[in-house]
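In: okay, sequence plus prediction incoming.
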Amino acid sequence: MTAKPENSSKNGPAKRSAWVYRTPARPPLGDLFKDSDRHKAAFRYHVTGNIKSLLDLAVHFGLKAVPASICSAAGARLGAFVIPRWHTSSVKKTQRNLKRLLPDATEEERDKVMKRSWQNQGRIMTEFSIIGRLWRHASWHDLHHFTDAYAKGPVIVVCMHLGNWEIFAPKLVELGLSPSANYTPPAGRARAWIARRVRLKLGYGLLPPGKDGIRPALNILKEGGAISVFCDEGFAGKIRGPFFGRPPHLEGNLAVVARLARLTGATICPCYAVRRDGASFDGFALPPVILPPEAKHGERLIDDVLLLNSVIEPVIRAHLDQWYFIDNAL
């Protein structure tokens, strides 16, 4: 659902009404015997949807028995085959984005970045079955930033959609943070069930998606807990963060994190994981982001957002071939 603007640009940085998640409707089984439109919707849900769900479940549980290197490599081949053939719109967006973000690179260099991106996206899909194994063999760096901050009070973990970000969940749980994450279910009933099951088994708490997750997140932080928020976002096919030289706005999670940190005194701890080779990763915790004092509540909001953006944008620019939203519109 696309939100409508609340404030025009002449009144300052753009804001939008909060996004409210709606669970996809379940057509009654009896609609299979109704008029054409209702029949088609019911057939997609009860017949086609169930077949797809069975396939998704078979692939997910089948991959659990496969060695990690083979599972990941299969995803790389899948991504390199599927994306250029059946996602041509995404390919064109990626090409435009790389031309803008890597202006000094040659066309051949940008093409190599794009092809590595296809492989990484494919790997992410198949690796979801083996997250419980992947994180144990990753190399971790500067994790004391998490534990030091959590010893002092609430923490907002700001992760990025790089490499395979899912490996951070079990590591944070092992460190004692056990953060709750705002989570939007993927399309497809089986995929949504799998995603929820995997994350709960890893020890993550799941907050309701969109607007409904704000109040629970605020309560967790006020009680001294931890939450996880991604500040690099693709929403409705468009990149909301980082800004990449565009005018700053208050539409996305950069502003959400700044507001939550101000309201609760939480420490903002950025982190990211990058793929080293195949199914091997490096996970990095960056120094905490300290928001400067403000005399009046909210007066520094846009400055806070720009400060957070200045932390995540350079990391993502350095790893565009592993960034999940490179094929969204700028």
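Out: Structure's in. What do you need? Numbers count the residues shown, from 1 in each chain.
In: output the contacting helices and strands for the top helix by length along the chain.
Out: Assignment by DSSP state H gives helix 107-127 as the longest helix of the chain. With contacts defined as 3 or more CB pairs under 8 Å, 6 or more residues apart in numbering; DSSP states H and E, helix 107-127 has these neighbours: helix 68-86, helix 88-101. Any C-beta I mention is one placed from the backbone N, CA and C, and that applies to glycine too.
In: tabulate the ones you listed (a markdown table), appending mean neighbour count, distance to N328 and mean pLDDT.
Out: Listed next are the helices and strands packed on helix 107-127 as a markdown table, based on neighbours: other CB atoms under 10 Å; distance: least, CB to CB, whole Å; pLDDT from 0 to 100:
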| stretch | mean neighbour count | distance to N328 | mean pLDDT |
| --- | --- | --- | --- |
| helix 68-86 | 17 | 14 | 98 |
| helix 88-101 | 16 | 7 | 98 |
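In: do you know the pLDDT at the closest residue to Y204 other than its chain neighbours?
Out: With sequence-adjacent residues excluded and distances taken as CB to CB, 6 or more residues apart in numbering, Y204 is closest to A169, at 4.8 Å. On pLDDT, A169 comes in at 93.
In: tell me the contacts of A169?
Out: Taking CB atoms under 8 Å, 6 or more residues apart in numbering, we find A169 in contact with I131, W135, A181, R199, L202, G203, Y204, S228.
In: highest neighbour count among the residues you listed?
Out: S228 (25 neighbours; other CB atoms under 10 Å).
In: ok, that one touching S180?
Out: Yes: between S228 and S180 a contact is recorded at 7.1 Å, counting by CB atoms under 8 Å.
In: common neighbours of these two, please.
Out: Shared contacts of S228 and S180 (CB under 8 Å, 6+ apart): Y204.
In: just for the stretch 51-200 of the chain, where's the confidence low?
Out: For the stretch 51-200 of the chain, no stretch has pLDDT under 70.
In: thought H137 was touching S280?
Out: Yes: between H137 and S280 there is a contact at 6.9 Å, judged by CB under 8 Å.
In: comparing the two, which residue is more hemmed in?
Out: S280 (15 against 11).
In: from R123, how far out is that one?
Out: Distance of S280 to R123, given as CB to CB, to the nearest Å: 11 Å.
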